[in-house]
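Novice: Could you work out the structure for the sequence below:
(chains A, B, C and D)
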There are 2 protein chains.
Amino acid sequence: MPKMINHDQKRKLIAEAAWKIIENEGIEKASIRRVAAEAGMSPGALRHYFSTKDEMLLFIIEYFIEEGKKRSDHKEWSKNPLQAVEEVLLELVPIDEEKKIETSVWWIFAFRSLTSDALKEKKDEMTDGTYDLANSMIKILTLKGILSDSVNADLESSRLSALVEGLSFHALLRPDVYPPEKVKEVISYHLKTLYNK
Amino acid sequence: MPKMINHDQKRKLIAEAAWKIIENEGIEKASIRRVAAEAGMSPGALRHYFSTKDEMLLFIIEYFIEEGKKRSDHKEWSKNPLQAVEEVLLELVPIDEEKKIETSVWWIFAFRSLTSDALKEKKDEMTDGTYDLANSMIKILTLKGILSDSVNADLESSRLSALVEGLSFHALLRPDVYPPEKVKEVISYHLKTLYNK
DNA sequence: AAAGATAATAACACACTGTATTAAAAAAAG
DNA sequence: CTTTTTTTAATACAGTGTGTTATTATCTTT
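Specialist: Down below sits the predicted model:
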């Protein structure tokens, strides 16, 4: 029988190599050949672990979502629900270099998903995820009595998730006009308008 | 002297050819060679009118923004200011096939602008444009007494433009979850929450 | 009308990209 | 040691954007 190799571990190694390139040279430089070189293997070898680039992108996204989750699990949230909600939402916005990269990867991923069936499923999963998160926030605010329970939770959630997504978009495109403080201000403002409505 | 040819007219011809391809086969198919073939010329000939692809993209964007402006100039807006504002905002969201294409072109354009200096200026111009439009809408609502003049117009405009951008994003990515009616509903809902605040 | 200038074009070459195929190498089990 | 299967390497292919070169075509000037 052949050499026993932990496939998933090797895939993670490749994902880290790819991430490194994306971080330093931008996502458009993360070609299969380039990633393979960074991971210390031949393109053919990489192809053995990811038979297509979309597959690789998919794994990278999944891997670093996992990492992000671990990060936020170790985080301590404010006791104040309004503030805690704000903190959670800020996790979705590119207010630091790491989140900027994540956002731009998510962006190119989303765009590719429009024409790649392999990515569609994950795209749906992820867009559902942001909605669900927004929905959770709305529910928390309702439970805490900050938001009246007469409001349409679905509409509020759609509005909130769109707002956050749009802010991400603007913050990434116009970091000069939308610095972290500004983004925080808008989110904070939005949450305040929900107060006792 | 050489043959006198209307450069701009030829560029428009190329832009139309490119648009046709984008419309039917997606923007990723709109390569220089492909566009040249569609426009009935050689790649080298096209290069004579656009020395780089970014230049071509730039022109396409500008050309079809102009077309969009002409379209909306001929449009009749509601007398009711709240409804008129809603109608204007809906012009920015991919609720029909034409706007879907425009949005996805804008999307890829914005992404490219992150790594292409040639596109940066236009990107800024366009993002400013969406903010300015949102700002105009807020001002109108304030003038009409629908929105209290004590609100922070800048924050309100930022929020509105982010909301619209985010809705565009979601509508393009998840047309099943965000059909036109849903998008309209969210925008309409948002405008209602502004009422007399 | 002939000559000259230059815009317009075509035909390449170059270094990339993702994908696919093929043959060689390596490693574990019998 | 032989066999079996995985892993690797080396290519090939069609496509991309970009750049260079030489040719063609056309209008103005002499």
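Novice: Helices of chain A, start to end?
Specialist: For chain A, the helices defined by DSSP state H occupy A:7-25, A:32-38, A:43-49, A:53-73, A:81-90, A:97-113, A:117-143, A:153-173, A:180-194.
Novice: anything in the longest one near chain B?
Specialist: Looking back up the chat, that one is helix A:117-143. Yes - among the residues of helix A:117-143, A:123-124, A:127, A:131 lie within reach of chain B under C-beta under 8 Å from any C-beta of the partner chain. Quick note: C-beta positions are derived from backbone N, CA and C, even for glycine.
Novice: still on that earlier bit, nearest to B:A37, of the helices of chain A?
Specialist: Counting by C-beta to C-beta, B:A37 lies closest to helix A:97-113 out of the helices of chain A; the figure is 24.6 Å.
Novice: Between the two ends of stretch A:136-152, how far is it?
Specialist: Using C-alpha to C-alpha, to the nearest Å, the end-to-end distance of stretch A:136-152 comes to 13 Å.
Novice: any idea of the mean pLDDT for that stretch?
Specialist: Across stretch A:136-152, pLDDT averages out at 94.
Novice: Other residues contacting that stretch?
Specialist: Identification of contacts with stretch A:136-152 by C-beta atoms under 8 Å, 6 or more residues apart in numbering or on different chains yields A:81-82, A:84-85, A:88-89, A:153, A:156-157, A:160, A:191, A:194-197, B:189.
Novice: hang on, isn't A:A153 packed against A:A134?
Specialist: No - using C-beta atoms under 8 Å, A:A153 is not in contact with A:A134; the gap is 10.0 Å.
Novice: Between these two, point out the one with more neighbours.
Specialist: The neighbour comparison of A:A153 against A:A134 (other C-beta atoms under 10 Å in any protein chain shown) goes to A:A134, with 24 against 14.
Novice: Please report how far the more buried one lies from DNA strand D.
Specialist: A:A134 sits 37 Å away from DNA strand D, going by C-beta to the nearest atom of the strand, to the nearest Å.
Novice: again with A:A84
Specialist: As judged by C-beta to the nearest atom of the strand, A:A84 and DNA strand D stand 45 Å apart.
Novice: show me what contacts that residue?
Specialist: Each residue near A:A84 by C-beta under 8 Å, 6+ apart is listed here: A:77-78, A:140.
Novice: Pick out whichever of these sits closest to B:I61.
Specialist: In terms of C-beta to C-beta, no member of the contacts of A:A84 lies closer to B:I61 than A:I140, at 41.2 Å.
Novice: That closest one - how many residues pack around it?
Specialist: By other C-beta under 10 Å, 16 other residues sit near A:I140.
Novice: mind checking how far it is from chain B?
Specialist: According to C-beta to the nearest C-beta, to the nearest Å, A:I140 and chain B sit 19 Å apart.
Novice: and what of A:K144?
Specialist: To chain B, A:K144 is 19 Å away according to C-beta to the nearest C-beta.
Novice: phi, psi of that residue?
Specialist: The phi/psi pair for A:K144 (degrees, to the nearest 10) reads phi -80, psi 0.
Novice: quick one: low-confidence ranges for chain A?
Specialist: Low-confidence segments of chain A, defined by pLDDT under 70: A:1-6, A:196-197.
Novice: picking that back up, ok, which of the helices of chain A comes nearest B:I95?
Specialist: The closest of these to B:I95 is helix A:153-173. By C-beta to C-beta, the value is 14.0 Å.
Novice: ok so, going back, of the residues of helix A:117-143 next to chain B, which is the nearest to B:S104?
Specialist: The closest of the residues of helix A:117-143 next to chain B, once distances to B:S104 are taken by C-beta to C-beta, is A:K123, at 14.0 Å.
Novice: OK, contacts around the closest one?
Specialist: A:109-110, A:113, B:173.
Novice: As JSON lines, the contacts of A:A84 with distance to A:G166 would be great.
Specialist: Output for these, formatted as JSON lines (distance: C-beta to C-beta, whole Å):
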{"residue": "A:W77", "distance to A:G166": "24"}
{"residue": "A:S78", "distance to A:G166": "24"}
{"residue": "A:I140", "distance to A:G166": "22"}
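Novice: Deepest-packed of the helices of chain A, please.
Specialist: helix A:153-173 (a mean of 24; mean count of other C-beta atoms under 10 Å in any protein chain shown).
Novice: Tell me the helices and strands packed up against that one.
Specialist: helix A:97-113, helix A:117-143, helix A:180-194, helix B:97-113, helix B:117-143, helix B:153-173, helix B:180-194 (3 or more C-beta pairs under 8 Å, 6 or more residues apart in numbering or on different chains; DSSP states H and E).
Novice: In JSON lines: the ones you listed, plus distance to DNA strand C.
Specialist: Output for the helices and strands packed on helix A:153-173, formatted as JSON lines (distance: least, C-beta to the nearest atom of the strand, whole Å):
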{"stretch": "helix A:97-113", "distance to DNA strand C": "10"}
{"stretch": "helix A:117-143", "distance to DNA strand C": "8"}
{"stretch": "helix A:180-194", "distance to DNA strand C": "32"}
{"stretch": "helix B:97-113", "distance to DNA strand C": "15"}
{"stretch": "helix B:117-143", "distance to DNA strand C": "19"}
{"stretch": "helix B:153-173", "distance to DNA strand C": "21"}
{"stretch": "helix B:180-194", "distance to DNA strand C": "32"}
